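Engineer: heads up, no residue letters with this:
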């Protein structure tokens, strides 16, 4: 089982990394969250960096 604090960190990271809206995150299953988290980890490991659309 995932601790509530850990889940909040995962959701915050996915929101920041992929720009998910809160309503989008709310609809994801745990399996989908796991898949998106794995994708973020692959991108980070490959050296991808967050690119701000602000400038």
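Structural biologist: Alright, I've got the coordinates. In this text the structure is predicted, and so the values were computed from the model without any measurement. Numbers count the residues shown, from 1 in each chain.
Engineer: give the contact list for the most centrally placed residue in the chain.
Structural biologist: In the chain, the residue lying closest to the centroid (CA atoms, centre = their mean) is residue 14, at 1.6 Å. Contact analysis of residue 14 by CB atoms under 8 Å, 6 or more residues apart in numbering lists 20, 25, 33, 36, 37, 40. Where you see a C-beta, it was placed from the backbone N, CA and C, and this is true even at glycine.
Engineer: now do 6 Å
Structural biologist: Contacts for residue 14 (CB atoms under 6 Å, 6 or more residues apart in numbering) come out as 20, 36.
Engineer: cool, residue 3 as well?
Structural biologist: Residue 3 sits in contact with no residue, where contact means CB under 6 Å, 6+ apart.
Engineer: pLDDT weak spots in this structure?
Structural biologist: Across the chain, the ranges flagged by pLDDT under 70 are 50-55.
Engineer: hmm, 50 instead?
Structural biologist: For the chain, applying pLDDT under 50 flags the ranges 55.
Engineer: Please identify the helix or strand for residue 7.
Structural biologist: Assigned by DSSP states H and E, residue 7 belongs to helix 4-18.
Engineer: wait, residue 26
Structural biologist: Residue 26 belongs to helix 22-27 when assigned by DSSP H and E.
Engineer: what comes into contact with stretch 25-32?
Structural biologist: Counting by CB under 6 Å, 6+ apart, residue 11 sit against stretch 25-32.
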